[in-house]
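Colleague: sequence plus predicted model, see below.
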Amino acid sequence: MATTTMSDFRVDPVSGLKIHRTANTLVKWNAFAAVVFLLVGGIFGLGVALTRMPSVQLLSPDLFYMALTAHGLVNLAVWIIFFEMAVLYFLASHVLGSRIATPRWAWAQFWLMLVGAAMVAVAVLQGNSSVMMTSYPPLQAAPHFYLGLIIFAVGALIGCFVFLGTLVVAKREKTYQGSIPLVVFGGVTATVIAVFTLVSGAMILIPTFLWSVGLISYIDPMMYRVIWWAFGHSSQQINVVAHISIWYLIASLVFGAKPMSEKVSRFAFLLYILFLQLGSVHHLLSDPGLTSAWKVVNTSYMIYLAVLASMIHGLTVPGSIEVAQRRKGLDTGLFTWLRKAPWGNPVFSGMFLSLVGFGFIGGVTGVVMSVEQINMIIHNTMYLPGHFHGTLVVGTTMAFMAVTYWLIPVVFQRKIALPGVARLQPYVFSLGAWVFSIAVMGAGTLGVQRRHADITFAGQPLAYQYPEIAKGLMDLGEIFAVIMAVGAIMYILVVLASVFTGERIAEDSAPWPKVEDADVVAERTGKKHVGLWGMEAPGTFVLAMILFATIVLYYFVNFKYLSTIWGLS
Amino acid sequence: MGTAYTPPTNPDWWREPVERTEIWWIVLAFAWCIFMFTWMVGWHFVGPQNMSNEAYRTTLEAYSAKVDGMTAQYKIRADEATGEDVVAPPPGSDVYLAGMQWQWRPILELKKGEKYRLHISSYDVGHGFSLQPENINFQVYPGYEQVTTIVPNKSGTFSIVCGEYCGGAGGIGHHSMLGRIYVKE
């Protein structure tokens, strides 16, 4: 067993956490690499947005397909998974006050992921691997495209085991008492799903790589999709779990909030592990050769239990904030707790925008589009990018950005530079992402297909004319995509300015004032019962009812639309 | 004392009572999940729009023979703009449509309100059958022949665009893959 001395640790004046220096360096490098890749992927994304605007059409089709492949891979995989590695190490090491297990393996994680990402980037930029991030055979990319993905995944898998190893170390060295904290439990959930995800990825990408070098003659396209989506969809669940853990973390950091019920929140995380991966079948609802019985079992029993979990977190996170605010004295009316929240603090505003946007945009549409029949009128239209920007950008990316504003002082020991930009950033980014998602979903409902370099079909004798309103929605959506890009650039500016030029926070400086735990305040002031109507969080319940009504209404609107199309059986 | 980033204050947290806000929400959300499950199954019995469960293994040779056979038998004219065959198979018959880089063929002419057994497959890579403006979308693969019983309930000119990225080079490709179905009264 490695021995650690006190000088391997520092006590952080900002958070009060006992921080292992080696773990901290790893968090820094992973988080920084993530932000660099966000910039790279964002530039490709901007190219995609400006091409999909029917009135601009910036890139030629060949360049467009290359940029779209790069944007998908870099932003969806590389930015997010690097950031998740930083989050996992932070949860196991910083939160539990433990040394990180096997730092050498952790560095292997970092370098393998970097090399893998670079290989994929080279393959895509060489121009003969424009196969989209899904890379469905028989379309074939260069061998180093698949190999890069495999190396990247192996790196991430090592990171998962370093996380688990650190939990073992923390338990054995008794750095905490009792059960692990809720956010670490969320980290465990993410890791379990990640291992399933990465093994599925290996199962399909290794044979595909062998096929690309000629050692295997045939990859069945349907089999590829079944296994690939066990990787492709589950990887998105890692993101969901990671950003929900961040919501809980921020609720506690900003408000001193305590989870409403440890049992309910942990059980909801457990539902993800049990059911989410198996629900990846909703990507295959409009595929031939798979029976409806199989599709229905997977997308109802499995997916709905996962949906239930998301609905639970969607209530308990703002609910815990409401209870904390009420205990601290804001116990009047329905929404006083929310109105008096620190809307100028980007850590909170980013987190809350992520929560509301994820529920109303990503969540509502996700539930509706994963109905077997509804999927036929949505599958592979612009609705899809609209939906998953509503989860990945509106939800995950916004939450990661929000927590960054808290992590920079703690991990990089620098104050946030450009606080004015940081204060505005969540609003600009969310405005862009929300309107983009909604507008392109509207275009998708009107039939506009995803992954098309030119929706006007210029010069084609059999050209189809989309309704004018669909083209208008594409223009509108992509204008807001540019606003979203401005929000991302603001974030990157704040990060770079803070990390390189921010005012240093000396290790021995006076501890920063800490937000008091709400239940401590309540005990001091003797406030026992809060809330209305026998509910501790009535305001949150009303918000949840609005979400519920939206889902029900939207569900039946889609069935109404479905009932008017050609008969199909 | 009690946050999401510190261990639970009560070591026996599993036995702590759950607050009413959460219980009501969980009951309601679970009931909705059950409803959605029932509705999705129920639509298979009462709804006229459902995914077909009929599909077969096929090969390029076997499938293209069927497409060519049907085309030879029921061709009514050549399309003016493209020279593509326009085929009018009789109601109730088997209709064969093929996706390939980068077109759908042949052009079909169907009758409104009649049933057809529409077979779809691909000659090369994965494609997406996307019928506009109805916005009906299916995946299409080489080696798989899917059969859907369709009933066009409107007349007019319908376009088939491609819904799955299928490559492209030199300006043509996925976005220029088009086909057409005419539905007559």
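Modeller: Right, received. Where do you want to start? Here the structure is a predicted model, which means the values were calculated and not measured.

Colleague: where does pLDDT dip in chain B?
Modeller: Scanning chain B with the threshold set as pLDDT under 70 gives B:1.

Colleague: so what's the residue count around A:Gly420?
Modeller: A:Gly420 has 8 neighbours, counted by other Cβ atoms under 10 Å in any protein chain shown. (Glycine included, C-beta is placed from N, CA and C.)

Colleague: wait, A:Phe231
Modeller: For A:Phe231, the count of nearby residues is 22 (other Cβ under 10 Å).

Colleague: please apply the same query to the one 4 residues further on.
Modeller: Look at A:Ser235: counted by other Cβ under 10 Å, it has 26 neighbours.

Colleague: again with A:Ile492
Modeller: By the criterion of other Cβ under 10 Å, A:Ile492 has 17 neighbours.

Colleague: helix or strand for it, which one?
Modeller: Taking DSSP states H and E as the definition, A:Ile492 sits inside helix A:468-501.

Colleague: tell me which parts of the stretch 51-200 of chain A are close to chain B?
Modeller: Selection of the stretch 51-200 of chain A residues close to chain B by Cβ under 8 Å from any Cβ of the partner chain yields A:60-62, A:65, A:95, A:130-132, A:134, A:136-139, A:176-184.

Colleague: can you check the pLDDT for the closest residue to A:Arg21 other than its chain neighbours?
Modeller: Spatial nearest neighbour of A:Arg21, chain neighbours left out: A:Asp8 (5.8 Å); criterion: Cβ to Cβ, 6 or more residues apart in numbering or on different chains. We have a pLDDT of 91 for A:Asp8.

Colleague: which elements pack onto the helix or strand encompassing A:Ile43?
Modeller: Using DSSP H and E, A:Ile43 sits in helix A:21-52. Identification of packing neighbours for helix A:21-52 by 3 or more Cβ pairs under 8 Å, 6 or more residues apart in numbering or on different chains; DSSP states H and E yields helix A:61-71, helix A:80-89, helix A:103-125, helix A:398-407, helix A:468-501.

Colleague: as TSV, these with distance to A:Ser15 and mean pLDDT would be great.
Modeller: As requested, those are arranged in TSV below (distance: least, Cβ to Cβ, whole Å; pLDDT from 0 to 100):
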stretch	distance to A:Ser15	mean pLDDT
helix A:61-71	35	94
helix A:80-89	15	95
helix A:103-125	21	96
helix A:398-407	8	96
helix A:468-501	16	96
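
Colleague: show me what contacts the residue lying closest to A:Ser130 once chain neighbours are set aside?
Modeller: With Cβ to Cβ, 6+ apart as the criterion, A:Ser130 has its nearest non-adjacent residue at 4.1 Å, and that residue is A:Tyr65. Listed by Cβ atoms under 8 Å, 6 or more residues apart in numbering or on different chains, the contact partners of A:Tyr65 are A:Ser130, A:Met132, A:Arg451, A:Ala453, B:Tyr165, B:Gly168, B:Gly173, B:His174.

Colleague: the longest helix that chain B contains and chain A in contact?
Modeller: Of all the segments of type helix in chain B, defined by DSSP state H, the longest one is helix B:20-46. Yes - for helix B:20-46, a contact with chain A is found by Cβ under 8 Å from any Cβ, at B:20-22, B:24-26, B:28-30, B:32-33, B:36-37, B:39-41, B:43-44.

Colleague: buried ones only from the residues you listed, please, as a ChimeraX command.
Modeller: A single ChimeraX command selects the buried members of the residues of helix B:20-46 next to chain A (16 or more other Cβ atoms under 10 Å in any protein chain shown):
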select /B:20,21,22,25,26,29,32,33,36,37,39,40,43,44
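
Colleague: does the residue nearest to A:Arg21 touch A:Lys18 like I think?
Modeller: No - using Cβ atoms under 8 Å, A:Asp8 makes no contact with A:Lys18, being 10.3 Å away.

Colleague: can you give me the strands for chain B?
Modeller: B:54-57, B:75-78, B:85-87, B:94-100, B:103-105, B:107-111, B:116-122, B:127-132, B:136-140, B:144-151, B:156-162, B:168-169, B:172-173, B:178-184 (DSSP state E).

Colleague: do you know how far the residue nearest the centre of chain B is from chain A?
Modeller: Nearest residue to the geometric centre of chain B (Cα atoms, centre = their mean): B:Phe138, 1.9 Å. Applying Cβ to the nearest Cβ, to the nearest Å, the value for B:Phe138 to chain A is 5 Å.

Colleague: what sits against that residue?
Modeller: A:Ser286, A:Asp287, A:Pro288, A:Met376, A:His379, B:Met51, B:Ile120, B:Gly128, B:Phe129, B:Gln146, B:Thr148, B:Gly163.

Colleague: for the third one, which non-adjacent residue is spatially closest?
Modeller: Spelled out, that is A:Pro288. Once flanking residues are discounted, A:Pro288 sits nearest to B:Gln146: 3.5 Å by Cβ to Cβ, 6+ apart.

Colleague: identify the bridge partners of that neighbour.
Modeller: B:Ala55, B:Ile120 (DSSP bridges).

Colleague: give the contact list for it.
Modeller: B:Gln146 neighbours (Cβ under 8 Å, 6+ apart): A:Pro288, A:Gly289, B:Ser52, B:Glu54, B:Ala55, B:His119, B:Ile120, B:Ser121, B:Phe138, B:Val140.

Colleague: buried subset of those, written for PyMOL?
Modeller: In PyMOL, a selection of the buried entries from the contacts of B:Gln146 looks like this (16+ other Cβ under 10 Å):
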select buried, (chain A and resi 288+289) or (chain B and resi 52+55+119+120+121+138+140)
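
Colleague: from the contacts of B:Gln146, which is closest to A:Lys528?
Modeller: Distances from A:Lys528 to the contacts of B:Gln146, taken as Cβ to Cβ, are shortest for B:Phe138 (59.2 Å).

Colleague: what residues are bridge-paired with that closest one?
Modeller: Judged by DSSP bridges, the bridge partners of B:Phe138 are B:Phe129.

Colleague: hang on, the earlier thing: dump the strands of chain B into TSV; add distance to A:Arg524 as well.
Modeller: Shown next, in TSV, are the strands of chain B (distance: least, Cβ to Cβ, whole Å):
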stretch	distance to A:Arg524
strand B:54-57	68
strand B:75-78	87
strand B:85-87	83
strand B:94-100	70
strand B:103-105	73
strand B:107-111	77
strand B:116-122	70
strand B:127-132	62
strand B:136-140	60
strand B:144-151	68
strand B:156-162	66
strand B:168-169	67
strand B:172-173	68
strand B:178-184	72
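
Colleague: who wins for proximity to A:Leu547 among those?
Modeller: It's strand B:136-140; of the strands of chain B, that one is closest to A:Leu547 (Cβ to Cβ) at 27.5 Å.

Colleague: what angle separates the closest one from strand B:127-132?
Modeller: Interaxial angle, strand B:136-140 versus strand B:127-132 (axes from the mean of the first three to the mean of the last three Cα atoms, to 10 degrees): 170 degrees.
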